[in-house]
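Trainee: I'd like to go over a predicted model; first the sequence, then the structure.
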Amino acid sequence: MPFYEAIRLALQTIRAQKLKSFFSVIGVFIGVTFLIAAVSIVNGMNRYMTDKFAATIVGVNTFQLRHRPNVGFNVPDSVWRSWRRRPRITFADADAVTKGITVPGVLTSWFSEDQGTVEYGGKIAKGIDLQGAGADYFTIKNLNIAEGRPFSPQEAKAGIPVAVIGFDVADKLLAGQDPIGKTIKIQGLPYTVIGVIERQGTMLGMSLDKFVVAPATSPIQRDVNPPHVVDALMVKAGTIPDMNLAMDQVEGIMRARRHLRPNQDDNFALETSAAVLDWWSGISRLMFYFGPGIVMISLVVGGIVIMNIMLMAVAERTREIGVRKSLGAKRKDIMRQFLAEAITLSTVGAAAGIAFGIVLSLLIQAFTPLAAQVAPWSVAVGVLLGSVVGVVFGTLPASRASKLDPITALRQE
């Protein structure tokens, strides 16, 4: 019997025994669906982290001088305690580093942040990200001004109480009004709005527009950090090599200021987007480790169900097998027929799982903060797994059917 004929008969059997076939393919269907959806989420998140998250948190060709890393993964408690004991980055440190960098075209900005409230005209916005920064902060972070202007270096140096606000803050407190020139209160203190940032959208479901930026030396300093302390000094270079050279210079300046001997480790951190990506890669590796285990459990369960269904089919169709053998069907023909049915069952389940997994990935991308992107290789793997499950778990029933004695099979009622 040609293999395609065996597949045609298998499809007819599936149509004739819909409920039995459904229970046969459900395990493979669930396993392949999870495979497609999980790989799509991890694949989409990997691209999202590379293209947007890391660039938003740290910046392109940018690094930050901090007293400890801002992002950490699986860090022991002893390391955290040692990080917390490190001296903070002071105004004097940031100023010395800024003056000491000799790489051309480098931009620097002080930066501190914390959560607080912003008020205007009786309206209160809570949970707003309060940011104290330098004049070059907007260029470093690629923030475009929609209305008004950023604060100038002179305003930043003098600590003038002016503020540039995010789109959500402007929309909540100053909807329908021209925000420029309005006086808002940040933690109870008045600031003049001089600019509004273009809408940034969301990241992992969190708004990127709920913030206000004021000069680091303005009164906002007392709301975001202890006196004369900054969270970070942001440094942006034109190219990766320039950034690496600037990092070397900053490390040398800080080690000299901290009087560190050659055998002593740095008691500060220079953080790039690579640190954020390393943190994410640790999470994605865990997902790839645990994901295949869940998929394999579903596929083994599905394969066992298919094997049991096929063994029942052999018992039910014993007389049919006897008739085929008496008409000249060889052992390999019977085995091919039942193996084709098992492969077809598992492949149909895999195909349905691929389709549902793709739809599920699209729904996740459309209605949740998670990024999802279907990987073509996962579709190929899904088809391959379906075929493999059919071959592995269909061999025993097919072998048993092929070994039946035709005389005994014909006598079977």
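Mentor: Ah, there it is.

Trainee: quick one: low-confidence parts of this protein?
Mentor: Low-confidence segments of the chain (pLDDT under 70): 1-6, 9-10, 13-14, 48-59, 71-74, 203-205, 274-284, 286-292, 369-370, 405-413.

Trainee: In it, which residue is most central in space?
Mentor: Centroid-nearest residue in the chain: Met45, 2.7 Å away (criterion: Cα atoms, centre = their mean).

Trainee: ok, that residue touching Gln365?
Mentor: No. Met45 is not in contact with Gln365 according to Cβ atoms under 8 Å; the separation is 10.8 Å. To be clear about C-beta, it is placed using only N, CA and C from the backbone, and glycine gets the same treatment.

Trainee: which neighbours do these two share?
Mentor: Common neighbours of Met45 and Gln365, counting by Cβ atoms under 8 Å, 6 or more residues apart in numbering, are Ala371.

Trainee: thinking again about what came up before, what distance do you get for the residue nearest to the centre of the chain to Gln373?
Mentor: Met45 is 9 Å from Gln373, where distance means Cβ to Cβ, to the nearest Å.

Trainee: Gln115 too?
Mentor: In terms of Cβ to Cβ, Gln115 sits 32 Å off from Gln373.

Trainee: Which one's more surrounded, those two?
Mentor: Gln373 (16 against 13; other Cβ atoms under 10 Å).

Trainee: so the more buried one touches Ser40, yeah?
Mentor: Yes. Here Gln373 reaches Ser40: they are 5.9 Å apart, a contact under Cβ under 8 Å.

Trainee: Mutual contacts of the two, please.
Mentor: By Cβ under 8 Å, 6+ apart, Gln373 and Ser40 have these common neighbours: Ser361.

Trainee: all strands for the stretch 51-200 of the chain, in order.
Mentor: 62-66, 89-90, 107-120, 123-133, 145-148, 162-165, 183-186, 189-197 (DSSP state E, counting those that start in this stretch).

Trainee: Quickly compare the ones you listed and say which is most buried.
Mentor: strand 162-165 (a mean of 26; mean count of other Cβ atoms under 10 Å).

Trainee: other SSEs contacting that strand?
Mentor: Counting by 3 or more Cβ pairs under 8 Å, 6 or more residues apart in numbering; DSSP states H and E, the packing neighbours recorded for strand 162-165 are strand 183-186, strand 189-197, strand 211-215.

Trainee: Show residues contacting it.
Mentor: By Cβ under 8 Å, 6+ apart, strand 162-165 touches 118, 138, 145, 148, 150-151, 155, 179, 184, 186, 191-197, 211-215, 218.

Trainee: let's go with 7 Å and repeat that
Mentor: Applying Cβ atoms under 7 Å, 6 or more residues apart in numbering, the contact partners of strand 162-165 are 150-151, 155, 179, 184, 186, 191-197, 212-214.

Trainee: so which of these would you say is closest to Val301?
Mentor: Ile197 (52.3 Å; Cβ to Cβ).

Trainee: The residue nearest to the centre of the chain and Ser361, how far apart?
Mentor: In terms of Cβ to Cβ, Met45 sits 12 Å off from Ser361.

Trainee: can you check Val374 too?
Mentor: 5 Å.

Trainee: joint contacts of the two?
Mentor: With Cβ under 7 Å, 6+ apart as the test, Val374 and Ser361 both reach Ile36, Ser40.
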